[in-house]
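Engineer: Model the structure of this input:
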Amino acid sequence: MATLIVPRDTPSRIATYVTAAIGSIFRILAKPFSTYEAKDRILAFQAPWFLIVLFVTWLGMLLSGFALILWANSPLTISEAFRESGSSLLTLGFATTRTPGATVIDVIAAASGLAVGGLLIGYLPTLYGAFNRRENAVTLLEARAGAPAWGPEILWRHQRIGIIDSLPKFYEDWEQWCADVAESHSTYPILLFFRSPDPLRSWLTGLLAVLDAAALQLALCPTGAPSQARLCLRMGFTALRTLADTLYIPYKSDPHPDDPIVVSYDEFLRGVKHLEEIGFPLERTAEEAWADFRGWRVNYESNVLALAERIVATPSQWMGGRVEGMTIPTERPVDRTPDEPEGTKYTKPGTYEMN
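Structural biologist: Down below sits the predicted model:
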């Protein structure tokens, strides 16, 4: 019951075992498929099935528990005790034993069945409310970061359409989003496994892109970057550590700025060149900014990659190659104008690189 009604992360062995079992089954089912979209279609059913199996598990344990109590405190055989326990737990009332002890047990069993069913029904609106809040920001991010989201692309698009002045509000909104996700997803960990409607969108990929954009701007533009970028980063890796604790993922609480990261210098250099091509105002070269970028990223990278493996997040750039062995580059629509009706295609969408 604590899983449903206590507003904090309350460890539950039953929920942990069910999560592990359902997760293993769906990972096995998704493994044979070669494209990420096919895997995503399978994995989309993981969280709903968890709820169903958890509910059935609770009912099964209550059924067994009350049956054993009835068997020990009445003249019923074990099969008759299970029959009466099921009748009472589901409030059907077709089997009763007219003794004081059995009647009390039947009443408690009926009340327990109603309580579990009622709590689960009340649990679902809370889950889907938190899911909708999370996905609203993730959906809005597609216009700013592409699909799947990528950190340098956020800064590129803001420069491309001349809205760099909106970045402080953008970082502030995502700081709030991180706080909301940290609270809701640590209280109800199953939310971590609810997937976005679009396979190219993911709450974790989006968060990584926002944190990378903030880290890039702070590293490349130390005086011009908004203060909200630093606050967003701080709240971002705090939220990720909260979620890592929820799933018992180990991490360094105080990483060293010189610790290695999986993003190579060449990958970082390509991201910086991406910004240079569009004329993003830079105060430093890639070489000068690399140490600061790495110093920021060590605070959140390991938790992002560990969570990505657990939930099979969309394998975007700077996370790809670590999830299901593939990388999906960011899609960008063709830029059509009256002067150029055929438009300019900046990237080739839908390209999949299998490692």
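
Engineer: Leaving out the residues flanking it, which one is nearest to T97?
Structural biologist: Counting by C-beta to C-beta, 6 or more residues apart in numbering, the nearest residue to T97 once its immediate chain neighbours are dropped is S74, at 5.2 Å. To be clear about C-beta, it is placed using only N, CA and C from the backbone, and glycine gets the same treatment.

Engineer: What of G236?
Structural biologist: Spatially, and ignoring its direct neighbours in sequence, G236 is nearest to L211 (4.6 Å; C-beta to C-beta, 6+ apart).

Engineer: So that neighbour is in contact with Y300, correct?
Structural biologist: Yes: with contacts counted by C-beta atoms under 8 Å, L211 reaches Y300, the gap being 5.6 Å.

Engineer: Spell out which residues are contacts of both of these two.
Structural biologist: 233, 236-237 (C-beta atoms under 8 Å, 6 or more residues apart in numbering).

Engineer: so which of these comes closest to Y17?
Structural biologist: F237 (29.5 Å; C-beta to C-beta).

Engineer: Of all the residues in stretch 118-127, which ones are buried?
Structural biologist: Buried positions in stretch 118-127, judged by neighbour count with 16 or more other C-beta atoms under 10 Å: 120, 123, 127.

Engineer: can you redo these as JSON lines with secondary structure, distance to A244 and pLDDT?
Structural biologist: Rendered in JSON lines, the data for those read as follows (DSSP: H, G, I helix; E, B strand; the rest coil; distance: C-beta to C-beta, whole Å; pLDDT from 0 to 100):
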{"residue": "L120", "secondary structure": "helix", "distance to A244": "27", "pLDDT": "77"}
{"residue": "Y123", "secondary structure": "helix", "distance to A244": "24", "pLDDT": "77"}
{"residue": "L127", "secondary structure": "helix", "distance to A244": "21", "pLDDT": "89"}
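
Engineer: okay, now the spatially closest residue to V107 that is not a sequence neighbour: neighbour count?
Structural biologist: Leaving aside its sequence neighbours, V107 sits nearest to S88 (C-beta to C-beta, 6+ apart; 7.7 Å). The number of residues packed near S88 is 29, by other C-beta atoms under 10 Å.

Engineer: just T139 next, same as before
Structural biologist: T139 is flanked by 15 other residues according to other C-beta under 10 Å.

Engineer: In what element of secondary structure is it found?
Structural biologist: According to DSSP states H and E, T139 maps onto helix 100-145.

Engineer: Okay, angle between the helix or strand containing the residue nearest to V107 and helix 100-145 too, please.
Structural biologist: Following DSSP H and E, the helix or strand that holds S88 is helix 78-89. Here helix 78-89 points in a direction 60 degrees away from that of helix 100-145 (axes from the mean of the first three to the mean of the last three C-alpha atoms, to 10 degrees).

Engineer: buried set for the helix or strand where G60 lies?
Structural biologist: Using DSSP H and E, G60 maps to helix 46-72. Across helix 46-72, burial judged by 16+ other C-beta under 10 Å covers 46-47, 50-51, 53-55, 58-59, 62-63, 66-67, 69-71.

Engineer: quick check, nearest of those to V181?
Structural biologist: Looking across the buried residues of helix 46-72 and measuring by C-beta to C-beta, the closest to V181 is A47, at 15.3 Å.

Engineer: can I assume the closest one is in contact with F193?
Structural biologist: Yes: applying C-beta under 8 Å, one finds A47 in contact with F193, separated by 4.3 Å.

Engineer: contact partners of stretch 65-81?
Structural biologist: Outside stretch 65-81, the residues within contact range by C-beta under 8 Å, 6+ apart are 82, 84-86, 88-89, 95, 97, 99, 101-102, 105, 108-109, 112.

Engineer: buried subset of those?
Structural biologist: Buried members of those, scored by 16+ other C-beta under 10 Å, are 82, 84-86, 88-89, 95, 97, 102, 105, 109, 112.

Engineer: And the pLDDT for the residue most central in space within the chain?
Structural biologist: Compute the mean C-alpha point of the chain, and by C-alpha atoms, centre = their mean the closest residue is L192, 3.7 Å away. With respect to pLDDT, L192 has a value of 94.

Engineer: What sits closest to T99 if chain neighbours are left out?
Structural biologist: Closest residue to T99 apart from its sequence neighbours, by C-beta to C-beta, 6+ apart: S74 at 6.0 Å.

Engineer: So the one you found versus L305, what's the distance?
Structural biologist: With distances taken as C-beta to C-beta, to the nearest Å, S74 is found 56 Å from L305.

Engineer: try L240
Structural biologist: Distance, L240 to L305, using C-beta to C-beta: 10 Å.
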